[in-house]
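Q: need coordinates for the following:
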Amino acid sequence: MNKAIFFDRDGTLNKEIFRKELQKWTAPHNPVEVSIDTKIINLLKKLKKKNFLFFIVSNQPDYALDLIDLKDLNSVHHKFNKILSLNSIKICEYFYSYKHPQSIKKRYGPPCFDRKPNPYFLKKAKKKYNIDLYNSWMIGDRQTDIECGKRAGTKTIGIINNRYEFNKKKNKPDFIFKSINKIIDVI
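A: Okay, here's the model as predicted:
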């Protein structure tokens, strides 16, 4: 069986963008906003040597909320993937949920079975790539990432930022770090 690391994308590997007009943090809305720190690239290279398969599991609700169109979403994805590819980092598969409970667009509202914290995509990867979830990891910056990993049976790492907090009593991350670069100490 294979072992995997499931990463949240925005806020974990890629920087989030503060939208003044919305008064909230969001994923990038155009390729120019995609920003992956060199320290993260170096971390991924180190983790690659440990023979993990890499996956991105990300809620991308801005399409459902009519804040971005699919063309721009795809452009952001391609820029993100290009940066990783140019650094010899392979993502086995990207799993994006475009749904949101308050969706403005038809077919992108409830039921939101693939949105984290539901472990739908982790279970899908398990079947498709023969993943041992018990020896795999879910890494993210939000409680939904941690709950997703817990429900799937992975180990979890929470990355602290000044925007979101982890529940320290229920579905607490196995490890919490201020910087994603510290995860190499436990993986």
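
Q: any weak-confidence spans in the chain?
A: Counting by pLDDT under 70, the chain shows no low-confidence range.

Q: which strand runs longest in it?
A: In the chain, ranked by residue count with DSSP state E as the criterion, the top strand is strand 53-59.

Q: any buried residues in stretch 23-30, and which?
A: Within stretch 23-30, the residues that qualify as buried are 25-29, counting by 16 or more other Cβ atoms under 10 Å. Where C-beta positions appear, they are placed from N, C-alpha and C, glycine not excepted.

Q: export the residues you listed to a markdown table and tack on distance to Lys124?
A: Below are the buried residues of stretch 23-30 laid out as a markdown table (distance: Cβ to Cβ, whole Å):
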| residue | distance to Lys124 |
| --- | --- |
| Trp25 | 27 |
| Thr26 | 26 |
| Ala27 | 21 |
| Pro28 | 25 |
| His29 | 27 |
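
Q: Asn135: neighbour count?
A: Residues near Asn135, counting by other Cβ atoms under 10 Å, number 14.

Q: and the longest strand of the chain, what other elements does it pack with?
A: strand 4-7, helix 38-48, strand 93-97, helix 120-129, helix 143-152 (3 or more Cβ pairs under 8 Å, 6 or more residues apart in numbering; DSSP states H and E).

Q: go again using 10 Å as the cut-off
A: strand 4-7, helix 38-48, helix 70-86, strand 93-97, helix 120-129, strand 137-140, helix 143-152 (3 or more Cβ pairs under 10 Å, 6 or more residues apart in numbering; DSSP states H and E).

Q: could you find the closest non-adjacent residue to the spatially most central residue of the chain?
A: For the chain, the residue nearest the mean C-alpha position is Asp8 (1.2 Å; Cα atoms, centre = their mean). Of all residues not flanking Asp8 in the chain, Gly140 sits nearest, at 3.3 Å (Cβ to Cβ, 6 or more residues apart in numbering).

Q: same check on Thr156?
A: Gly149 is the one closest to Thr156 (Cβ to Cβ, 6+ apart), at 4.1 Å.

Q: contacts only, for the one you found.
A: Gly149 is in contact with 6, 8, 57, 116-117, 119, 122, 133, 136-140, 155-158, 171, 173-174, counting by Cβ atoms under 10 Å, 6 or more residues apart in numbering.

Q: quick one on the thing from earlier: mind listing what the longest strand of the chain pairs with, with the direction of each?
A: Using DSSP bridges, strand 53-59 pairs in its sheet with strand 4-7 (parallel), strand 93-97 (parallel).

Q: looking at it, Ser179 is touching Leu43, isn't it?
A: Yes. The pair Ser179 and Leu43 qualifies as a contact (Cβ atoms under 10 Å) at a distance of 9.4 Å.
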